[in-house]
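Peer 1: need the 3D shape of this:
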Amino acid sequence: QVQLVESGGGLVQAGGSLRLSCAASGRTFSRYAMGWFRQAPGKERDFVASITWNGGMTYYADSVKGRFTISRDNAENTVTMYLQMNSLKPEDTAVYYCAAGNYARNAEVYAYWGQGTQVTVSS
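Peer 2: Below you'll find the predicted structure:
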């Protein structure tokens with residue numbers, strides 16, 4: 001059974017930090033690029049960051065560059081991807097989704113998705 005499960009969301013004050021995790025299992029996700037997307041209320045789902053299958057390349061949205069760091073751990077049965085979020089701003093408030101697929105910023109090329117985790121940043 002394919003599963004991508006996010007965790008680590010919550011409520012934090014502006015300027016604070018959170019670390020999101022995404023545990024992927026049920027396929028050989030070590031061969032897939034992975035990414036983070038987010039969706040704020042009333043808005044479309046936006047690209048946040050992506051990472052290649054081996055972690056050798058990463059790509060960030062301009063809005064999070066320098067504040068967020070994507071990484072991954074390719075264990076044998078479960079791949080875990082992380083998003084370290086520092087200097088959080090109220091505009092970072094959204095549901096954050098992890099995804100697996102091709103290395104890109106387009107949501108359409110990601111075949112597998114998690115259910116999302118809420119991040120709320122208070123001012």
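Peer 1: please name the nearest non-neighbouring residue to the spatially most central residue of the chain.
Peer 2: Nearest residue to the geometric centre of the chain (Cα atoms, centre = their mean): residue 36, 2.6 Å. Spatial nearest neighbour of residue 36, excluding adjacent residues (Cβ to Cβ, 6 or more residues apart in numbering): residue 48 at 4.2 Å. (C-beta placed from N, C-alpha, C; glycine too.)
Peer 1: parallel or antiparallel, list what pairs with the helix or strand that neighbour falls within.
Peer 2: For residue 48, the host element (DSSP states H and E) is strand 45-51. Looking at strand 45-51 with DSSP bridges, its partner strands are strand 33-39 (antiparallel), strand 58-60 (antiparallel).
Peer 1: this protein: strands as residue ranges?
Peer 2: 3-7, 10-13, 18-25, 33-39, 45-51, 58-60, 68-74, 79-85, 94-101, 110-113, 117-122 (DSSP state E).
Peer 1: how about the fifth one: buried residues?
Peer 2: By neighbour count on 16 or more other Cβ atoms under 10 Å, the buried set for strand 45-51 is 45, 46, 47, 48, 49, 50, 51.
Peer 1: quick check, nearest of those to residue 115?
Peer 2: Among the buried residues of strand 45-51, residue 45 lies closest to residue 115 (Cβ to Cβ), at 13.3 Å.
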